[in-house]
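K.L.:
Dropping a prediction and its sequence here:
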Amino acid sequence: SSSECLGFAPDSDLYIFRVFTNNQVSYTSWFLDAFNYAILKRVDILNLSIGGPDFLDQPFIEKVWELTSNGVIMVSAIGNDGPLYGTLNNPADMMDVIGVG
């Protein structure tokens with residue numbers, strides 16, 4: 001990197017959490033571990049390029065609430081199925097998450 005062109009955020013840290021296998025398998029506990037680490041490292045913004053219809057996954061939902069109550073700004077994919085009720089993907093359908101479609 002050059003001292004003449006430092007980029008947009010030269011003092012920022014980037015954390016990447018892998019929560020899926022190569023076969024696109026994932027478990028709630030893997031997300032919870034990643035979210036806990038994000039809280040521990042005092043991550044400011046958490047972007048999830050995932051989403052799904054499982055709005056009843058209570059441990060996941062409660063951890064999202066914990067993240068946002070700790071000041072983490074959460075951004076998540078909201079899906080492309082709308083605009084009817086129930087067509088928005090979780091967690092982007094939550095009030096304290098920024099949903100991007």
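P.N.:
Arrived safely, thanks for sending. Since the model is a prediction, treat every value here as computed from it, not as a measurement.
K.L.:
mind checking the end-to-end distance for stretch 82-99?
P.N.:
12 Å (CA to CA, to the nearest Å).
K.L.:
And that stretch, how far out from the chain middle?
P.N.:
Distance of stretch 82-99 from its chain centroid, counting by CA atoms, centre = their mean, to the nearest Å, is 13 Å.
K.L.:
Report how many residues lie close to the residue lying closest to F17 once chain neighbours are set aside.
P.N.:
Leaving aside its sequence neighbours, F17 sits nearest to A34 (CB to CB, 6 or more residues apart in numbering; 3.7 Å). To be clear about C-beta, it is placed using only N, CA and C from the backbone, and glycine gets the same treatment. For A34, the neighbour count with other CB atoms under 10 Å is 19.
K.L.:
and the helix or strand containing A34, what does it pack onto?
P.N.:
Element membership for A34 (DSSP states H and E) is helix 28-40. In this structure, helix 28-40 makes packing contacts with helix 58-69, judged by 3 or more CB pairs under 8 Å, 6 or more residues apart in numbering; DSSP states H and E.
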